[in-house]
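1. Here is a sequence with its predicted model. Questions after.
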Amino acid sequence: PLIAFEQIRLTLKHGNTPDSATAFAIYGLIECGIFNNMTAGIRAGDRGMEILEQVKSREMAAKCHLIYNSQIRHWKSHAKTTLAPLLNAYQIGLESGDFEFAAYAVHVYCCNSYCIGRNLVDLLQQIETRGEEIRRLNQKTTYNFHRIWHQSVLNLLGKNPYPTRLSGEVYDVDAMLPVHQAANDRTSMFDVYLHQMILAYLFYDVETAVKKADDAAAYADGVTSMLYVPLMVFYASLAKLARCRGIGGYRKQRMLLSVMRARRKMKNWARQVPENFEHAFYLIDAELARTRKQDDDARKSYHMAIQT
């Protein structure tokens, strides 16, 4: 971040360079993802894209398009609007020789497709095709990210006899988790715990889901400002509320407080971009009302979640 800030200072003093576009994009993701200042972050990101257009820098284009569409755009418009630009970033990266950001862009394309609820059969085909492209580009770190999401989709499609286990034909969490830990690969660690949480929740192991939710939150700095963070908050809230219905006392109250904090976050995000987050806010609200045995409020919120 300090380098980006210094680049912005130099830009304001001496004028635009290709590095200026990246610096403004990085500043934008910091404002959105760390300071929760979406207005400033979007403005900085937009300025970065304007500079990119002005300086006509192909060597920085893949990186700038990736940052903007993986960490900024979904805070101002529907997440589906990130998909075509991410594929464009991939193509630009291939043409300019920036294989690192080309691979990451096409990986994020698949992940954002997952986040917006793309049909899993179609998504699996994309993940398989794009994963092979990433492998051919010899981008091992991104390929590791990709295999985690690939295995999770396989589990969701019933292609693993143990659906809550993130181990199967393309990824083995028992073998890879120590590798991620040794490399301090916080993005892979987040991805692992995120998908373990989602799988555990969807297949009714809520106690495990709650544990993995806490693990994922500890590594959320590995995916700052990305669409996966609201996804984590959403499923963590649902898992904790489901667990609350089976426990009592201090533990339940502490868990409800955690959900209330998450609810406030989701409410703010829903106000910012209702097309991305309003349905998630209402579903959390419905489950919270259900947990409190407020049946009328629960019905209203379920209905709003369906309508939005």
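-> It's in. These numbers come from a predicted model, not from an experiment.
2. In stretch 232-245, which residues are buried?
-> Going by neighbour count (16 or more other Cβ atoms under 10 Å), the buried part of stretch 232-245 is 232-244. For the C-beta atoms, the positions are set from N, CA and C on the backbone; glycine is no exception.
3. Report the distance from that stretch to the chain centre.
-> Distance of stretch 232-245 from its chain centroid, counting by Cα atoms, centre = their mean, to the nearest Å, is 17 Å.
4. Ok, stretch 231-241 next?
-> In this view, stretch 231-241 has its centroid 14 Å away from the chain centroid, taken as Cα atoms, centre = their mean.
5. Need the contact partners of it.
-> Outside stretch 231-241, the residues that touch it by Cβ atoms under 8 Å, 6 or more residues apart in numbering are 115, 190, 194, 197-198, 200-201, 206, 209-210, 213, 216-217, 220, 255-256, 258-259, 262-263, 265-266, 280, 283-284, 287-288, 290-291.
6. So which of those residues are in helices?
-> Those of those mapping onto helices are 115, 190, 194, 197-198, 200-201, 206, 209-210, 213, 216-217, 255-256, 258-259, 262-263, 265-266, 280, 283-284, 287-288, 290-291, per DSSP state H.
7. Please look at M49 and A21 and confirm they touch.
-> Yes: with contacts defined as Cβ atoms under 8 Å, M49 counts as touching A21 at a distance of 7.2 Å.
8. Who has more neighbours out of the two?
-> It is A21, of M49 and A21, that has more neighbours when counted by other Cβ atoms under 10 Å, with 29 against 22.
9. got the contact list for the more buried one?
-> Contacts of A21 (Cβ under 8 Å, 6+ apart): 48-49, 51-52, 55, 57, 60, 64.
10. What strand or helix carries it?
-> Remark: A21 resides in helix 18-33, with elements defined by DSSP states H and E.
11. distance of A236 from M255?
-> Taking Cβ to Cβ, to the nearest Å as the measure, A236 and M255 are separated by 10 Å.
12. Report the set of residues contacting both of those two.
-> Residues touching both A236 and M255 (Cβ under 8 Å, 6+ apart): V210.
13. about what we covered before: sitting in helices, which of the buried residues of stretch 232-245 do you find?
-> With helices taken from DSSP H, the overlap with those comprises 232-244.
14. before we move on, the earlier item: quick one: average pLDDT of the helix holding A21?
-> Helix 18-33 comes out with an average pLDDT of 93.
15. Take that helix, keep the C-alpha atoms, and write them as CSV.
-> These are the backbone C-alpha positions of helix 18-33, laid out as CSV (Å, rounded to 0.1, in the frame of the first residue of the first chain):
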residue,chain,number,x,y,z
PRO,A,18,1.5,3.6,-16.7
ASP,A,19,2.2,2.8,-13.0
SER,A,20,-0.2,5.6,-12.0
ALA,A,21,-3.2,3.5,-13.2
THR,A,22,-2.2,0.5,-11.1
ALA,A,23,-1.6,2.8,-8.1
PHE,A,24,-5.1,4.3,-8.2
ALA,A,25,-6.6,0.9,-8.6
ILE,A,26,-4.8,-0.5,-5.6
TYR,A,27,-5.8,2.6,-3.6
GLY,A,28,-9.4,2.0,-4.6
LEU,A,29,-9.4,-1.6,-3.4
ILE,A,30,-7.8,-0.5,-0.1
GLU,A,31,-10.6,2.1,0.4
CYS,A,32,-13.3,-0.4,-0.4
GLY,A,33,-11.9,-3.5,1.3
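16. how big is the angle separating the very next helix or strand once past that helix from helix 18-33?
-> Under the assignment DSSP H and E, the closest C-terminal helix or strand after helix 18-33 is helix 38-55. Orientation note: helix 38-55 sits at an angle of 160 degrees relative to helix 18-33 (axes from the mean of the first three to the mean of the last three Cα atoms, to 10 degrees).
17. picking that back up, from the contacts of A21, which one has the minimum pLDDT?
-> Going through these one by one, the lowest pLDDT turns up at S57, 85.
18. Tell me where this structure is predicted with low confidence.
-> 1-2 (pLDDT under 70).
19. any idea which residue sits dead centre in it?
-> Compute the mean C-alpha point of the chain, and by Cα atoms, centre = their mean the closest residue is Y228, 1.6 Å away.
20. Isn't that one up against L194?
-> Yes: contact between Y228 and L194 holds when scored by Cβ under 8 Å: they sit 6.3 Å apart.
21. Can you tell me which of the ones in helices among the contacts of stretch 231-241 are buried?
-> 115, 190, 194, 197-198, 200-201, 206, 209-210, 213, 216-217, 255-256, 258-259, 262-263, 265-266, 280, 283-284, 287-288, 290-291.
22. gap between L257 and A183?
-> Taking Cβ to Cβ as the measure, L257 falls 34 Å from A183.
23. My error: substitute Y143 in the last question.
-> When Cβ to Cβ is the yardstick, Y143 and A183 sit 14 Å from each other.
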